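S.K.: Let me see the structure of the following:
(one chain, ligands or ions: 1)
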Amino acid sequence: MRKVVVLIGILMLGSLAVLAVNVPAPLTAGATVTISNFQFTPKVVRIKAGGEVTWQVKEGTHTVTADDGSFESQNLSGGQKFSHTFDQAGTYRYYCSFHGSKGGHDMAGTVIVSK
Ligand SMILES: [Cu+2]
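M.R.: Purely as a prediction, here's the structure:
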């Protein structure tokens, strides 16, 4: 009986983990995205219109380049930052010009801006 309870507990934790992956990013006034290990973390941020997103590079050389060209950083190396203010609501996809490409491929992320 005890083993069954433990097993049910493990299964419930497993389903919670699946739920956590599908929960949308929380809506915040602004956000910080870490660039490390050829990834933007978190990959998706949700901010309010007028908010600022700051990207911080931990290592390597990367860019933050909007799919639609609305913002673009210089080449950024470890310790460098880039910020952009999003005044208009919308979904902004971006990528690293060295390690990703338009459309969310490889090293890429999304900023969702709400009113
Ligand atoms: Cu990169």
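S.K.: what about stretch 39-57, average pLDDT?
M.R.: For stretch 39-57, mean pLDDT rounds to 98.
S.K.: give me the element the closest residue to Cys96 other than its chain neighbours is part of.
M.R.: For Cys96, ignoring the flanking residues on the chain, the nearest one in space by Cβ to Cβ, 6 or more residues apart in numbering is Met107 at 4.1 Å. Glycine gets a C-beta too; all of them are placed from N, C-alpha and C. Here Met107, judged by DSSP states H and E, is contained in strand 105-114.
S.K.: one step back: I'd guessed the residue nearest to Cys96 sits against Gly100; true?
M.R.: Yes - between Met107 and Gly100 there is a contact under Cβ atoms under 8 Å: 3.5 Å.
S.K.: And the pLDDT for Pro26?
M.R.: Looking at Pro26, the pLDDT reads 89.
S.K.: phi, psi of it?
M.R.: phi -70, psi 150 (degrees, to the nearest 10).
S.K.: List the residues that contact it.
M.R.: Arg46 (Cβ atoms under 8 Å, 6 or more residues apart in numbering).
S.K.: ok, it to the ion distance?
M.R.: For Pro26, the distance to the ion equals 25 Å [Cβ to the ion, to the nearest Å].
S.K.: Likewise for Thr28?
M.R.: Distance from Thr28 to the ion, by Cβ to the ion: 24 Å.
S.K.: Run a quick neighbour tally on the nearest residue to that residue once chain neighbours are set aside.
M.R.: Of all residues not flanking Thr28 in the chain, Ile47 sits nearest, at 5.7 Å (Cβ to Cβ, 6+ apart). Ile47: 21 surrounding residues under other Cβ atoms under 10 Å.
S.K.: and this protein, which residues reach the ion?
M.R.: Listed as neighbours of the ion in the chain under the rule Cβ under 5 Å from the ion: His62, Cys96, Phe98, His99, Met107.
S.K.: Which of those residues ranks first by neighbour count?
M.R.: His62 leads those on contacts (other Cβ under 10 Å) with 28 neighbours.
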